[in-house]
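1. got a sequence here, can you build the structure:
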Amino acid sequence: MVSLNKFGQIMLGDTNNCTIGVIMSLPRNCYLASYPEEHMYWVYDVFVGSELITGIPQDFMARLNEDEENTE
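-> Numbers count the residues shown, from 1 in each chain. Here you go, the predicted model:
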């Protein structure tokens, strides 16, 4: 599970107001060549609300980890 950060939520628009999603794919490496810089980043397909969104950059998400020590 992941939580979308504020920028990720803005990119979804007003039609999907969910903030938590489930990763549905292995990471894929994307390459963006724009002069004078090149960028490489990881993307995932994420099920958010009622839709599958493909190619969400890792920088738009924060992994949710349950701390077992705090649940006792």
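
2. setting aside sequence neighbours, what's the nearest residue to the residue nearest the centre of the chain?
-> Among the residues of the chain, the one closest to the centroid is Met61, at 3.9 Å (C-alpha atoms, centre = their mean). Once flanking residues are discounted, Met61 sits nearest to Val2: 4.2 Å by C-beta to C-beta, 6 or more residues apart in numbering. To be clear about C-beta, it is placed using only N, CA and C from the backbone, and glycine gets the same treatment.

3. ok, the closest residue to Ser50 other than its chain neighbours - contacts?
-> Leaving aside its chain neighbours, Ser50 sits nearest to Asn16 (7.7 Å; criterion: C-beta to C-beta, 6+ apart). Contact analysis of Asn16 by C-beta atoms under 8 Å, 6 or more residues apart in numbering lists 48-51.

4. cool, and Phe47?
-> Residues near Phe47 by C-beta under 8 Å, 6+ apart: 21-22, 24, 53.

5. so among those, which ones count as buried?
-> Buried members of the contacts of Phe47, counted by 16 or more other C-beta atoms under 10 Å: 21, 53.

6. using CSV, write out every CA atom in the helix or strand encompassing Leu32.
-> Assigning secondary structure by DSSP states H and E places Leu32 in strand 28-34. The C-alpha trace of strand 28-34 is given here as CSV (Å, rounded to 0.1, in the frame of the first residue of the first chain):
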residue,chain,number,x,y,z
ARG,A,28,9.6,0.2,-14.3
ASN,A,29,12.4,2.5,-15.1
CYS,A,30,11.4,5.5,-17.2
TYR,A,31,13.8,7.7,-19.1
LEU,A,32,13.1,11.3,-20.0
ALA,A,33,15.5,13.1,-22.3
SER,A,34,15.0,16.8,-22.4
